[in-house]
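Q: Structure for the following, please:
(one chain, ligands or ions: 1)
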Amino acid sequence: MDCARLWLGLLLPVIAALDFSYHHQPEMEEFLKSISQNYSSITHLHSIGESVEGRNLWVLIVGRFPKEHRIGIPEFKYVANMHGDEAVGRELLLHLIEYLVTSDGRDPEITNLINSTRIHIMPSMNPDGFEAVLKPDCFYNKGRENSNFYDLNRNFPDAFEFNTVPRQPETVAVMKWLNTETFVLSANLHGGALVASYPFDNGVPATGTLYSRSLTPDDDVFQYLARTYASRNPDMRKRNPCRTKIEFPGGIVNGYFWYPLKGVKGQIFDQNGTPLPNVTVEVQDRKHVCPYRTNKFGEYYLLLLPGFYVIEVTVPGHNPHLTEVTIPPKSQNFSALKKDILLPFTGQLDHIPESDPLCPIIPLYRDLQGHSAATKPSLFLFLVTLFHILFK
Ligand code: ZN
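A: Below you'll find the predicted structure:
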């Protein structure tokens, strides 16, 4: 018996289970490094920069190919603790990391998730703020901001107004990081209220502010995500019973873990089979001021609920190429629907401009009729906060 125990002990990674307490920076680093050493085949730990006081901003990636993007595998990210005193999200993400790596190969659903998604997890965007929190402090007077006393959640470019606040090292690090990957979906964990919040956080009359709301063109998708998340959290659901009365069409919520959302993904090729970067890919009647563009592999990802859609692919100088797609309901397939699109063009596509000069101007929103503001995840944090998951 002892022999058998010893043998099992040799097979399983030697790592102490994470305790249910708050973890300061040294303990968090020790945990993340031990995870990355013991689960090196499915994790990759890196620092995206440093806080004002020089603490590392750690990101742990979990995925079957953790070190690099693979075509067809969407990138997902979690960011927590951007308000240093909102620490539950930080601990939740540490426990999520432990749950993911220890479930790989044992739980079919998690194994499938790790096979099909590359998950970037940043437990703390504001480690200085976390360390500044005083234990008996029950008021919002220390730790929310970074070390220079700036609120990091008000420190990113804004789609609707010019933000003149000096950009902080933590913010700059995250903005650079966002440009290194094509993030498809993100969640941002806060503390203070128990609710799943979806974008936008601010707006203009054309996005609906006169009706006390500010909606994106993808509002159906975001509402679906928020409701699905809330429905999986008994406390969150109970706190706001009105939300639970909303019917989910086609029962698509039942039986689903909260984030295998259907979307369409694929690559755009020219007639010679060469992947095309910087090509605009949009869903008809769902126009963004700053539309989604293919990445360097010609990849696109569109988050859509089941239904019929027309995808509009536009190469500058050419007419839009239309492709019809139907996303079936109740699909049990974990992965998104794959739809590669071959454009009927030849060699004259060599000079696709890097970016539309009108696009990155901030704020994006110009009160355009029939448009609402862009949702371009690689540039703006308001998409990072598309899930403002608030825990009391
Ligand atoms: Zn917050």
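Q: surely Ala187 meets Tyr78?
A: Yes. Using CB atoms under 8 Å, Ala187 is in contact with Tyr78, at 5.2 Å. C-beta here means a position set from N, CA and C on the backbone, and glycine is covered the same way.
Q: OK, contacts around the closest residue to Phe308 other than its chain neighbours?
A: Nearest in space to Phe308, with sequence neighbours left out and distances taken as CB to CB, 6 or more residues apart in numbering, is Thr326 at 5.0 Å. For Thr326, the contacting residues are 307-309, taking CB atoms under 8 Å, 6 or more residues apart in numbering as the criterion.
Q: Thr326 belongs to a helix?
A: No. With the criterion set as DSSP: H, G, I helix; E, B strand; the rest coil, the secondary structure at Thr326 is strand rather than a helix.
Q: can you offset everything so residue one is 17?
A: Done: numbering now begins at 17, and the last item shifts to Thr342.
Q: and the gap between it and the ion?
A: Distance check for Thr342 against the ion: by CB to the ion, to the nearest Å, it reads 39 Å.
Q: Next, the contact list for Arg302, please.
A: Contact criterion CB under 8 Å, 6+ apart gives 233-234 as the residues in contact with Arg302.
Q: Tell me the secondary structure at it.
A: In the three-state summary, Arg302 is assigned as coil, counting by three-state DSSP.
Q: Once you drop chain neighbours, what's closest to the residue of the stretch 17-166 of the chain found nearest the ion?
A: Using CB to the ion, the point where the stretch 17-166 of the chain gets nearest to the ion is His99, with a distance of 3.6 Å. Once its chain neighbours are removed from consideration, His99 has its nearest residue in Arg160; the separation is 4.8 Å (CB to CB, 6+ apart).
Q: wait, does stretch 138-153 contact the ion?
A: No. Counting by CB under 5 Å from the ion, no contacts exist between stretch 138-153 and the ion, the nearest distance being 9.5 Å.
Q: can you list contacts of that stretch?
A: Counting by CB under 8 Å, 6+ apart, stretch 138-153 makes contact with 40-41, 44, 48, 64, 67-69, 71-76, 93-101, 103, 105-106, 109-110, 113, 158-163, 168, 186, 190, all of which sit outside it.
Q: Let's see that with 6 Å instead.
A: Contact partners of stretch 138-153, identified using CB atoms under 6 Å, 6 or more residues apart in numbering, comprise 41, 67-69, 71, 75, 95-98, 100-101, 106, 109-110, 158-159, 162-163, 168, 186.
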